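# here is the input, now give the coordinates:
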Amino acid sequence: MKKYFHFPLLLLLPSVIFAQTFQASIQPVDSAAAITITLQSSANCSGKISNVTITLAIPVSAGSRPQIDKVDNSANPLISYTIYNATNQSIGGTMHYIYTILGTGDVVPTASLLQFSANTATVIARVNFKSFPAIFSQVKMVNLPNGGTDINPNAFFGLSLDGADIVNESAMFYSLPSISSIANDGNGYSGISYVQTIQAIETPPAKFIGLSAVANNGNGKISWQMENESSNTDHYEIERSLNSIDFTKIITVGAKNNGNSSNSYDTTDFNLSTISSAGLFYYRIKEIDKNGKIIYSETRKIRLTGKALAILAYPNPINHFVNLTIDIEEDASGMLTIYDAAGKKIQLMQLQLLKGANTKKINMANLAAGSYLLQLTTPKENKVIRIIKLTN
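This next block holds a predicted model:
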């Protein structure tokens, strides 16, 4: 039996028999907890949407019932939407949260006609979910048998154009390749049909809005602030580097998961002077979600000394090449001199250094095995480090 709308209609034009029929589909919005609803006509036509019913379903396995923040009708400003959180229902043996969205359109003579091209998607609504609690789930647009239960009578897809119901009852939904999948059972309002997103929708990713690393009595204090944190945020890994390139995890901090989307954290890296004599340390934070996705913070550094110049060589000992990380507080020209164990000057090279961390690769393949001193001279400071070469 045809399912009729269960809500008051605005002023309707006289019913018209349409040769074309309409289907609906659903797709997620990139990087947002949102989906869009699209219509597709079987033929070119124009008209004014007088009523539309959209029923969404999300498996309860998604967690606490996600809340719809709003239905954005900017794609079709003539439609006004009302949102209802309907009673949960079982679909295919799986319990789902059900949402009914009722839309009424402006069909007065002065309203603009909507133009539909055959087999071309036209967006009629964007459904935005709140960012907390986190959402990570596929979403269905559904038609349930006889419109749902007596408790939830509007669980179906309905569409009126200029007052006439024009849903393709035998195939209410269409799929978008690699975006959605369909199940049309052909029984119209007496059966179950749906279109489902292939990928899950999810809340905006957590975002680092602050990170600091400061020396404190020979220790490193690392602090950071998060935005868009949700129950999907699992933990943080603090990573340290001595050369600004190779980072190693040193500390794990669990996410607070306290219901706030903004949180602050801090931790301490102890006894830095026992780790590296260069006195220079780089830190970054890795945020890891429960679904395995990660984001990185920017990098911050700590100097244990007040010197304006720091230099680190790696690997050491070496076979052929040595990498130098040179950290300087302002742009400068530097001179690198290599001496052998007897103090003889072996090699001299000019270096242009930019403020911050600089990485230089030095070829020592033609030098004999042994001990060498590398001296870096800038207008303000000199630094000397020892290198051991293992092979010719």
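
# tell me the residue furthest from the middle of this structure?
For the chain, the residue at maximal distance from the C-alpha centroid (Cα atoms, centre = their mean) is residue 342, at 57.7 Å.

# that one and residue 372: what is the separation?
Relative to residue 372, residue 342 is positioned 11 Å away (Cβ to Cβ, to the nearest Å). (Each C-beta comes from the backbone N, C-alpha and C, glycine too.)

# residues contacting the closest residue to residue 202 other than its chain neighbours?
Using Cβ to Cβ, 6 or more residues apart in numbering and skipping the chain neighbours, the partner closest in space to residue 202 is residue 136 (4.6 Å). Contacts for residue 136 (Cβ atoms under 8 Å, 6 or more residues apart in numbering) come out as 62, 200-203, 232, 291.

# please apply the same query to residue 239.
Residues near residue 239 by Cβ under 8 Å, 6+ apart: 247-250, 283-286.

# what bridges to the closest residue to residue 195 other than its chain neighbours?
The shortest distance from residue 195 to any non-neighbouring residue, by Cβ to Cβ, 6+ apart, is to residue 173 (3.7 Å). Beta-bridge partners for residue 173, by DSSP bridges, are residue 24.

# where does residue 173 land on pLDDT?
Note for residue 173: predicted pLDDT of 97.

# re the thing from before, going through the contacts of residue 239, which ones are buried?
Among the contacts of residue 239, those buried by neighbour count (16 or more other Cβ atoms under 10 Å) are 247, 283-286.

# which one among those residues gets closest to residue 367?
Nearest to residue 367 among these: residue 247, at 30.1 Å, using Cβ to Cβ.

# how close does the closest residue in space to the closest one that isn't next to it in sequence get to residue 248?
Using Cβ to Cβ, 6+ apart and skipping residues adjacent in sequence, the residue nearest residue 247 is residue 239, 4.0 Å away. Going from residue 239 to residue 248 by Cβ to Cβ gives 6 Å.

# again, but for residue 270
Applying Cβ to Cβ to residue 270 and residue 248 gives a distance of 15 Å.

# same question for residue 318.
Taking Cβ to Cβ, one finds residue 318 at 20 Å from residue 248.

# name the SS class of the residue most central in space within the chain, please.
Centroid-nearest residue in the chain, with Cα atoms, centre = their mean: residue 205, separated by 3.8 Å. Recorded secondary structure, residue 205: coil (DSSP: H, G, I helix; E, B strand; the rest coil).

# right, and it touches residue 296 too?
No: in this structure, residue 205 is not within contact of residue 296 by Cβ atoms under 8 Å, at 11.5 Å.

# spit out the contact partners of the residue nearest to residue 195.
Going by Cβ under 8 Å, 6+ apart, residue 173 touches 23-25, 141, 143, 157, 182-184, 193-195.

# let's have the buried ones among the contacts of residue 239 in CSV, adding pLDDT and secondary structure.
Below are these laid out as CSV (pLDDT from 0 to 100; DSSP: H, G, I helix; E, B strand; the rest coil):
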residue, pLDDT, secondary structure
247, 92, coil
283, 95, strand
284, 95, strand
285, 96, strand
286, 95, strand
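
# let me see the ranges of the strands in the stretch 151-300 of the chain.
For the stretch 151-300 of the chain, applying DSSP state E, counting those that start in this stretch gives strands covering 158-161, 164-165, 180-183, 193-197, 201-202, 207-216, 219-227, 233-241, 248-254, 263-269, 280-289, 294-296, 300-303.

# and the gap between residue 367 and residue 285?
The value you get for residue 367 to residue 285, if Cβ to Cβ is used, is 40 Å.

# equivalent analysis for residue 210, please.
11 Å.

# for residue 90, same thing?
For residue 90 relative to residue 285 (Cβ to Cβ), the value is 43 Å.

# ok, residue 276 next?
20 Å.

# the nearest residue to residue 301 once chain neighbours are set aside - how many residues pack around it?
Leaving out its chain neighbours, the residue that sits closest to residue 301 by Cβ to Cβ, 6+ apart is residue 282, at 4.9 Å. Neighbour count for residue 282, taken as other Cβ atoms under 10 Å: 21.

# great, nothing more from me.
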